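> quick one, structure for this:
(one chain, ligands or ions: 2)
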Amino acid sequence: MPTDTPPTGNDALLRQHGLHVTAQRLAVLRAVAGRPHGTADDIDKIVRAELGAISRQAVYDALGTLTDKGVLRRIQPAGSPARYEDRVGDNHHHLICRACSRMVDVDCAVGYTPCLTAADDSAYEIDEAEVIYWGRCPECVASAAAASGG
Ligand SMILES: [Zn+2]
Ligand SMILES: [Zn+2]
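Ligands and ions are numbered 1, 2, ... in the order given. Take a look at the predicted model:
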């Protein structure tokens, strides 16, 4: 049996970002992968169901560390709790339903950052333009139509 296989997956991912591999961080990564755009609360529930002996604060700390290191991406929609995802580095955007808060990915039409040109950049070196499209998802449009259609 070969015992020198290089680490793959999330172990390697953490090491690449200079992070120690811990059960908490691995569980948080798995939870985010399984529930893209989940809130910290969502992730906390999943991780604690899996690990049991982990505090809410430890889950939040792990999320913060993984986000700071660029392993996870945090999206902070106005008036909504932050969401987390593991699809990083591709400059994709998001659609959010105003009715049910469901969030889905939408690929950037331009592809590179920043994908919007500021009319006046005030001499800032801009590296990101965060785009969130707000509206209603197909299910909510359909149920609204059904409700008003009689
Ligand atoms: Zn909806
Ligand atoms: Zn996304």
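> host element of T67?
For T67, the host element (DSSP states H and E) is helix 56-68.
> what's the answer for E130, then?
For E130, there is no helix or strand it lies in under DSSP H and E.
> how far away is it from V71?
Between E130 and V71 the computed distance is 19 Å (CB to CB, to the nearest Å). For the C-beta atoms, the positions are set from N, CA and C on the backbone; glycine is no exception.
> among these two, which residue is more densely surrounded?
Neighbour count, other CB atoms under 10 Å: between E130 and V71, V71 has more, with 20 against 14.
> for the more buried one, which three-state class applies?
Following DSSP: H, G, I helix; E, B strand; the rest coil, we place V71 in the coil state.
> got it, and the one 3 residues further on?
The three-state label given to R74 by three-state DSSP is strand.
> nearest residue to it other than its sequence neighbours?
Distances taken as CB to CB, 6 or more residues apart in numbering place T67 nearest to R74, at 4.7 Å, with adjacent residues excluded.
> pretty sure that neighbour is touching E85, no?
No. T67 is beyond contact range of E85, at 10.2 Å (criterion: CB atoms under 8 Å).
> need the overlap of contacts for those two.
R73 (CB atoms under 8 Å, 6 or more residues apart in numbering).
> which one of those two has more residues nearby?
E85 (19 against 16).
> can you tell me the SS state at W134?
What three-state DSSP gives for W134 is strand.
> tell me the residues of the chain that contact ligand 2?
E85, D105 (CB under 5 Å from the ion).
> so who does the most centrally placed residue in the chain touch?
Residue closest to the average C-alpha location in the chain (CA atoms, centre = their mean): E85, at 2.1 Å. Taking CB under 8 Å, 6+ apart as the contact definition, E85 lies against V32, P36, H37, L72, R73, I75, D105.
> how about the strands in the protein?
Assigned by DSSP state E, the chain shows strands spanning 38-39, 73-75, 83-85, 93-97, 103-106, 132-135.
> same for the shortest one, what does it pack against?
The reference is to strand 38-39. strand 83-85 (3 or more CB pairs under 8 Å, 6 or more residues apart in numbering; DSSP states H and E).
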